[in-house]
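Peer 1: Sequence plus the predicted model coming up.
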Amino acid sequence: MRRAAKVDENQNEIVKALRAVGASVQTLAAVGHGVPDLLVGYQGKTILIEVKDGRKPPSERRLTEDQLKWHGAWTGGPVAIVTDVESAWRAVGLLKVGNDLCRNE
């Protein structure tokens, strides 16, 4: 029997922030088996997001064995790994690398 999916503490904050800028967000954490945590739609793009808690040490933010297998077998677009709201916004294209807000460029 599969145990309940473990969700990073910052996931709800990230989901709320993505929805606040107009993104559609479907949580996939309960699927398990290495599937990314979030399916995000933003301005005609689909983004898969794996959430890691940036407040934890790097050793506790590593991908699990199941995640490594799933990511390695995935033949679609890349999976963004985010640790906070800013990196989630960057993953959907809302922020540039220099933190300047994009205006639908």
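Peer 2: Right, received. Where do you want to start? Residues are numbered from 1 along each chain as shown.
Peer 1: Show me what the longest strand anywhere in the chain is packed against.
Peer 2: For the chain, the strand that runs over the most residues, judged by DSSP state E, is strand 45-51. Contacting strand 45-51 under the criterion 3 or more C-beta pairs under 8 Å, 6 or more residues apart in numbering; DSSP states H and E are the following elements: helix 11-20, strand 38-42, strand 79-82, helix 85-92. (C-beta placed from N, C-alpha, C; glycine too.)
Peer 1: got the buried residues for that strand?
Peer 2: Using 16 or more other C-beta atoms under 10 Å as the test for burial, strand 45-51 gives I47, L48, I49, E50, V51.
Peer 1: returning to that earlier point: now tabulate the helices and strands packed on strand 45-51 in CSV and tack on mean pLDDT.
Peer 2: What follows is those, written out as CSV (pLDDT from 0 to 100):
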stretch, mean pLDDT
helix 11-20, 97
strand 38-42, 98
strand 79-82, 97
helix 85-92, 96
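Peer 1: Make JSON lines from those and add mean neighbour count to it.
Peer 2: Shown next, in JSON lines, are the helices and strands packed on strand 45-51 (neighbours: other C-beta atoms under 10 Å):
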{"stretch": "helix 11-20", "mean neighbour count": "17"}
{"stretch": "strand 38-42", "mean neighbour count": "19"}
{"stretch": "strand 79-82", "mean neighbour count": "20"}
{"stretch": "helix 85-92", "mean neighbour count": "20"}
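Peer 1: so can I have CSV of those showing distance to L68?
Peer 2: Listed next are the helices and strands packed on strand 45-51 as CSV, based on distance: least, C-beta to C-beta, whole Å:
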stretch, distance to L68
helix 11-20, 20
strand 38-42, 18
strand 79-82, 11
helix 85-92, 19
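Peer 1: just to revisit the earlier point, name every strand pairing with the longest strand of the chain and say which way it goes.
Peer 2: Sheet partners assigned to strand 45-51 using DSSP bridges are listed as strand 38-42 (antiparallel), strand 79-82 (parallel).
Peer 1: Sketch out the low-pLDDT regions of this structure for me.
Peer 2: The chain contains residues with pLDDT under 70 at 1-5, 97-105.
Peer 1: Dead centre of it: give me the residue that sits there.
Peer 2: By C-alpha atoms, centre = their mean, the chain has its centre lying nearest to I49, at 2.4 Å.
Peer 1: That'll do, ta.
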